[in-house]
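Engineer: Can you look at this prediction? I've put the sequence above it.
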Amino acid sequence: MEARRDVRIVNPSGLHARPSHSIVKLALAHRSELTVRCGERAVNGRSILDLMTLGAPCDAILSLHARGEDAEELISALTRLIESGFGELS
């Protein structure tokens, strides 16, 4: 099973260490593989270092692609996390 979705980063600081950690934590709680793309660069969504190399600022679009038995569940959870601003919006 595969699932894909594009999500805009809404938190002012973009994809820094704490949001990257939140993505990895969610990814590791699921069985599906996760790839995150920003622009031309695609990285392993289970690696905090890989995610941080994206340097994705506020308003950047992250393209999420999960493959595995719980792919849709993972993509839905990540979409909620990213759209909520990773808990950084006041």
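Structural biologist: All right, it came through fine.

Engineer: Which elements pack onto whichever strand or helix holds His21?
Structural biologist: Element membership for His21, per DSSP states H and E: helix 17-28. Where contact means 3 or more CB pairs under 8 Å, 6 or more residues apart in numbering; DSSP states H and E, helix 17-28 is packed against helix 48-52, helix 71-83. Where C-beta positions appear, they are placed from N, C-alpha and C, glycine not excepted.

Engineer: Give me the distance from it to the chain's centre.
Structural biologist: Offset of helix 17-28 from its chain centre (CA atoms, centre = their mean, to the nearest Å): 8 Å.

Engineer: Okay, angle between that helix and helix 71-83 too, please.
Structural biologist: Orientation check (axes from the mean of the first three to the mean of the last three CA atoms, to 10 degrees): helix 17-28 against helix 71-83 gives 160 degrees.

Engineer: measure the residue nearest the centre of the chain to Ala17 for me?
Structural biologist: The chain has Ile23 as the residue nearest its centroid, 5.1 Å off, counting by CA atoms, centre = their mean. Between Ile23 and Ala17 the distance is 11 Å, computed by CB to CB, to the nearest Å.

Engineer: cool, and Arg41?
Structural biologist: Arg41 sits 18 Å away from Ala17, going by CB to CB.

Engineer: Pretty sure Arg18 sits against Met52.
Structural biologist: No - in this structure Arg18 lies outside contact range of Met52 using CB atoms under 8 Å: 10.5 Å.

Engineer: Who has more neighbours out of these two?
Structural biologist: Met52 (16 against 13; other CB atoms under 10 Å).

Engineer: Quick check: closest non-adjacent residue to that one.
Structural biologist: Nearest residue to Met52 in three dimensions, chain neighbours excluded: Ser20, at 5.1 Å (CB to CB, 6 or more residues apart in numbering).

Engineer: does the closest residue to Thr53 other than its chain neighbours count as helix, strand or coil?
Structural biologist: Nearest-residue entry for Thr53: Val43, 6.5 Å, with adjacent residues in sequence omitted and distances by CB to CB, 6+ apart. Here Val43 is recorded as strand under DSSP: H, G, I helix; E, B strand; the rest coil.
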